[in-house]
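J.: just coords:
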């Protein structure tokens, strides 16, 4: 298939999805449109972690840390000075931050940049480590970020967190940023840079022997991943309309959730990451019935909270044991693939 | 800090450190054999505490009996985690094993939330009160528990001493088990070379299972002592002690049992001393262990007593 056709098909697909989103805004109630927004946010989180964990082959457990950095940065920038005055009860917010308010778009960009800076600072020492040590070091860094967020009252409002954020994150923001993320990371992953990353993933020593600077490539991938994690953090904070340093908001549980998405979708596939993110958002809403009281054959069963996490974690272990490739494996959605599917169908 | 407080902090740090050491041994043994960070180790620690809690409250067993059963339960749990989750993927890449371990950890945590509920429970009345009383050395004063003791000002809880004694007993047992029994010899052989050991007629899977059981039993002992010291039981209680014990294992050189003990003791003492010297930094005490981890990993990844990892092409 020629490049021209592929570009046209992609543009058509984008327009069709946009039209679908518009229809969903018209006809679905706000509950569903919130879930659709969440799918976009999860998609960004999963795709950015795929770049690090799937494509470049280092295994980071620090994603929630960068999401937290992005969330706090943009929340501090979009809240109005009066609101900050009211929120910061324990300590006053430090000077330049307490008197500025900037638009959501720029706050999100800055959130991404600050998270990328953090990713650079974390990646620089940690990427000298190999394999599982890197995983633990990044987990350690993300816990350090969370503990600082819990204690720096003059910056993050400590354990109280930031509340009453304006809910700027609409379907358009989240899916628009998803489009940007996917476009950037896909073109990155098909460039010579992405091929070098794959080479490192398959065989680090051989890649090094071919003249690839392993450290530099992995650090760049990590920083890019951190940038988009920061973006998703900004969107997530303005979707939740609150941000606090508890474990299940920006702690290890969030990293784990993103990990479920990319393992479900197939570690190493961008398409898989989006599918995984969408499935996770959908399942975590749909499985809510497990936690509400229900009627089974006339018996009343009280809802048990935590059932959803149990389902997800057992699903996760089962996938890892019996189906480690996930939905997409390392394959991607391509127009050529669709075309060959049709051709086979005609025969 | 005056010498009195220093000594008090030292004893408390030593006892906290020996708890880290008990948990760290499990990490280090499993890593030494499988090169796998057993993320679920901290959750086995948590499960053991819940076992003890419910054996005392629901089955109303005497506390010492409950403790022994809970430790046995932890061992069985560790063994079954290996059989169910890790054995099928032993040939898979190391990263898949790591991801599975993370999954198992969250599975155990969510299982505890569902079965035991996520509300923290108090462990205070489960075990006899005298364990938490203060020993005061050198003089004579009435304590607020109304008990007359030899006094002088150096105060630390009885549980600190008991922890030290039990840790010492467990370590002696472990040393005997690893260096004086046949199965211990097999464990040492497996940690050097799995294929060759299996060619020598050793049932490798059984040895690995026993390693998991032994490590989990030690984590169970640590868990119960931990819960007497910090009497709150909840499903995520294993995460932070587990991570700190892992730091201790890396500090001492992962794969080395004496290293894990040394790392645990150093980590416990420095942590307590840091909080004692800088009370303002107490909120950061959990971050402190991770700082140490990152510094060690970047300066000397093989730790104090570990062998450097050589990559052969």
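T.: Right, received. Where do you want to start? Please read all numbers here as calculations on a predicted model, not as lab measurements.
J.: Please work out how many residues are found near residue B:116.
T.: 18 (other C-beta atoms under 10 Å in any protein chain shown). The way it works is simple: take the backbone N, C-alpha and C, and place the C-beta from them, glycine included.
J.: Next, count neighbours for the residue in the stretch 201-313 of chain B that chain A sits nearest to.
T.: In the stretch 201-313 of chain B, the residue found nearest to chain A is residue B:290; the distance is 3.5 Å by C-beta to the nearest C-beta. Applying other C-beta under 10 Å, we find 21 residues neighbouring residue B:290.
J.: who touches the nearest residue to it once chain neighbours are set aside in this structure?
T.: With C-beta to C-beta, 6 or more residues apart in numbering or on different chains as the criterion, residue B:290 has its nearest non-adjacent residue at 3.5 Å, and that residue is residue A:140. The neighbourhood of residue A:140, defined by C-beta atoms under 8 Å, 6 or more residues apart in numbering or on different chains, consists of B:243, B:247, B:290, B:293, B:294.
J.: let's see 7 Å
T.: B:290, B:293, B:294 (C-beta atoms under 7 Å, 6 or more residues apart in numbering or on different chains).
J.: before we move on, what about residue A:170?
T.: By C-beta under 7 Å, 6+ apart, the residues touching residue A:170 are residue A:37.
J.: Could you check the pLDDT of it?
T.: Looking at residue A:170, its pLDDT stands at 88.
J.: All the strands of the stretch 1-150 of chain B, in order from the start?
T.: Applying DSSP state E, counting those that start in this stretch to the stretch 1-150 of chain B gives strands spanning B:121-122, B:134-137, B:140-142, B:148-150.
J.: Locate the residue of the stretch 201-313 of chain B closest to chain A within the secondary structure: which element?
T.: Per DSSP states H and E: residue B:290 is located in helix B:285-299.
J.: Around chain B, which positions in the stretch 151-300 of chain A sit nearby?
T.: A:151, A:205, A:247, A:256, A:259, A:263 (C-beta under 7 Å from any C-beta of the partner chain).
J.: and the stretch 1-150 of chain A, which residues reach chain B?
T.: A:59, A:125, A:128-129, A:131-133, A:135-137, A:140, A:143-144, A:147-148, A:150.
J.: Out of those residues, flag the one nearest to residue A:68.
T.: Set against residue A:68, the nearest of the residues of the stretch 1-150 of chain A next to chain B by C-beta to C-beta is residue A:148 (9.7 Å).
J.: Okay, the closest residue to that closest one other than its chain neighbours and residue B:67: tell me how far apart.
T.: Ranked by C-beta to C-beta, 6+ apart and with sequence neighbours excluded, the top spatial neighbour of residue A:148 is residue B:287, at 6.9 Å. Separation of residue B:287 from residue B:67 (C-beta to C-beta, to the nearest Å): 32 Å.
J.: wait, what's in contact with the residue of the stretch 201-313 of chain B closest to chain A?
T.: A:140, A:143, A:144.
J.: Neighbours of the last one, how many?
T.: Put plainly, it is residue A:144. For residue A:144, the neighbour count with other C-beta under 10 Å is 22.
J.: The most centrally placed residue in chain A sits in which helix or strand?
T.: Nearest to the mean C-alpha position of chain A, counting by C-alpha atoms, centre = their mean, stands residue A:45 at 0.8 Å. Applying DSSP H and E as the criterion places residue A:45 in helix A:30-49.
J.: Now that helix: buried residues?
T.: Across helix A:30-49, burial judged by 16 or more other C-beta atoms under 10 Å in any protein chain shown covers A:33-49.
J.: Please report how far the residue nearest to residue A:103 when sequence neighbours are not counted lies from chain B.
T.: Counting by C-beta to C-beta, 6+ apart, residue A:78 is the residue found nearest to residue A:103 once chain neighbours are left out, at 7.8 Å. Here the criterion is C-beta to the nearest C-beta, to the nearest Å. By it, residue A:78 lies 27 Å from chain B.
J.: quick one: residue A:78 and residue A:169 touch, right?
T.: No: the criterion here is C-beta atoms under 7 Å, and residue A:78 misses it with residue A:169 at 10.7 Å.
J.: Identify the residue nearest residue B:102 in space, chain neighbours excluded?
T.: residue B:39 (5.0 Å).
J.: wait, doesn't the one you found sit right on residue B:105?
T.: Yes: using C-beta under 7 Å, residue B:39 makes contact with residue B:105 at a distance of 4.1 Å.
J.: which residues of chain B fall in helices?
T.: Assignment of helices within chain B using DSSP state H yields the ranges B:3-34, B:41-57, B:63-81, B:94-116, B:158-180, B:182-192, B:194-199, B:204-229, B:239-252, B:257-277, B:285-299.
J.: May I see the ones you listed organised as TSV, with mean pLDDT added?
T.: Shown next, in TSV, are the helices of chain B (pLDDT from 0 to 100):
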stretch	mean pLDDT
helix B:3-34	88
helix B:41-57	93
helix B:63-81	94
helix B:94-116	90
helix B:158-180	90
helix B:182-192	91
helix B:194-199	90
helix B:204-229	93
helix B:239-252	90
helix B:257-277	91
helix B:285-299	83
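J.: right, and those helices - which one's nearest residue A:1?
T.: Of all these, helix B:94-116 comes closest under C-beta to C-beta, at 34.5 Å.
J.: how would you label residue A:333: helix, strand or coil?
T.: Under the three-state scheme (DSSP: H, G, I helix; E, B strand; the rest coil), residue A:333 adopts coil.
J.: need the contact list for the residue nearest to residue B:102.
T.: Residues B:101, B:102, B:104, B:105 are the ones in contact with residue B:39 under the rule C-beta under 7 Å, 6+ apart.
J.: Also residue B:217?
T.: Contacts for residue B:217 (C-beta under 7 Å, 6+ apart) come out as B:71, B:74, B:75.
J.: Can you name the helix or strand that residue A:128 falls in?
T.: Applying DSSP H and E, one finds residue A:128 in no helix or strand.
J.: gap between it and residue A:58?
T.: For residue A:128, the distance to residue A:58 - C-beta to C-beta - is 11 Å.
J.: Without its sequence neighbours, what residue ends up closest to residue A:304?
T.: Excluding the flanking residues, the one nearest residue A:304 by C-beta to C-beta, 6+ apart is residue B:114, at 5.5 Å.
J.: what does chain B have sitting close to chain A?
T.: Along chain B, the residues adjacent to chain A under the rule C-beta under 7 Å from any C-beta are B:37, B:85, B:88-89, B:92, B:94-96, B:98-100, B:102-104, B:106-107, B:110-111, B:113-114, B:118, B:236, B:246, B:283-284, B:286-287, B:290-291, B:293-294, B:297-298, B:301, B:313.
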